[in-house]
Structure formats: structure tokens, C-alpha cells
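Enquirer: sequence first, predicted coordinates after that:
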Amino acid sequence: MLSIFGMSLALIIDQVTKYLVEKNMTYFQRIDLIGDIFGLRYVKNTGVAFGLFSSQEPLVLVSVAVSLVMAIVVLSMVFASKLSRFETFLIGVIVGGAVGNNLIDRLRLGHVVDFLEFRGFPAIFNAADSCIVFGAILLILSMYRRERRDSRNTRD
């Protein structure tokens, strides 16, 4: 149940922020939030991750298909494993980010709306990308800590 909550939360945050950007910004407009270090810039990503292969539509379709398969595999892992509640939630967040970017946006718009920009970072990204990256980092850290704790308990 927590995986569905995490997935729903990621999807809602992703789609609402993209809607707000589309309705309130003009294409390629930048709004500085923290000096010129961090801001919003509305762009349309027609490629795969970080705008790669933007002119190659078959790769985008592959990206959508991979996201579907990933969502099914990851959600089945949740139901088949002994993950903590937090880890189950994080898997939902990761899947929600993948579904938001690669399924909803590509099917609805034919591209992904990106808008978060750090000066010096090579790509503009969005909330779904953040859900995928931070969810994966937190999931790895949580699983690592659990494994270390379990291995200490078995030695005692």
C-alpha cells in the first residue's frame, strides 16, 4: 500500500508542477530562484534521459516500453520481498517518477516538460527525475543500512 502511496505522491507532484510551468511560463523563459545558481527554465525534452537522442523517435518509444516493464518488475519486487515500509514507499516514488516522465508526458504531450535548472549542471530536469534519483539513492542507503544491521545481529 505504501508503494501505491509513494507512486501517487510522485505522480501528483510531477504532473502539478509541470502543469504550473506550462500555464505560467513561456517556452525557454528562466526565473531565477537562488541568484543565478538555481532557477526554473521551461523546456520540452523530446529525447530520452537528459535530452539525449532527441531526434530519434524509436528510442523514445523504447523508453516508454522500458518504463512500463520497469514499473511492473519493481512493483512485483515490492510484493515478493521483505522490504521495510520506507523502502516500499521509495520504490513507489521511483516508479511514479518513471511513469510520470516516460508514460504520461510522452503519451499526452509527445515530450517531457523539464524546468529545474542548476547553472553548470549539463541538463534541465523535473520533479519526476528528482523522484527517481533521490528515491534510488535513499533506497540504496536504506537497504545498505538494513543489511549492515542484519549482519551485526547475526554475529552477536
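Expert: Thanks, I have the structure now. Residues are numbered from 1 along each chain as shown.

Enquirer: all contacts plus neighbour counts: C-alpha atoms, from now on.
Expert: Fine.

Enquirer: what's the following helix or strand after the lowest-mean-pLDDT helix or strand in the chain?
Expert: Sorting the helices and strands of the chain by mean pLDDT, DSSP states H and E puts helix 57-80 at the bottom, at a mean of 62. Once the chain leaves helix 57-80, the next helix or strand it forms, by DSSP states H and E, is helix 85-98.

Enquirer: what count of nearby residues applies to R106?
Expert: Residues near R106, counting by other Cα atoms under 10 Å, number 20.

Enquirer: per-residue confidence at it?
Expert: Listed pLDDT for R106 reads 82.

Enquirer: same deal with the one 5 residues further on?
Expert: For H111, the model assigns a pLDDT of 87.

Enquirer: quick one: the strands in this protein, in order.
Expert: Using DSSP state E, the strands found in the chain span residues 30-34, 38-45, 112-118.

Enquirer: and the ones you listed, which is most packed in?
Expert: strand 112-118 (a mean of 24; mean count of other Cα atoms under 10 Å).

Enquirer: helices or strands up against that one?
Expert: helix 2-24, strand 38-45 (3 or more Cα pairs under 8 Å, 6 or more residues apart in numbering; DSSP states H and E).

Enquirer: ok, 10 Å please
Expert: Applying 3 or more Cα pairs under 10 Å, 6 or more residues apart in numbering; DSSP states H and E, we find strand 112-118 packed against helix 2-24, strand 30-34, strand 38-45, helix 127-155.

Enquirer: for K18, give its distance to F115.
Expert: Using Cα to Cα, to the nearest Å, K18 is found at 8 Å from F115.

Enquirer: how much space between the closest residue to N126 other than its chain neighbours and L20?
Expert: In space, and not counting its chain neighbours, N126 is closest to D114: 4.9 Å by Cα to Cα, 6 or more residues apart in numbering. To L20, D114 is 12 Å away according to Cα to Cα.
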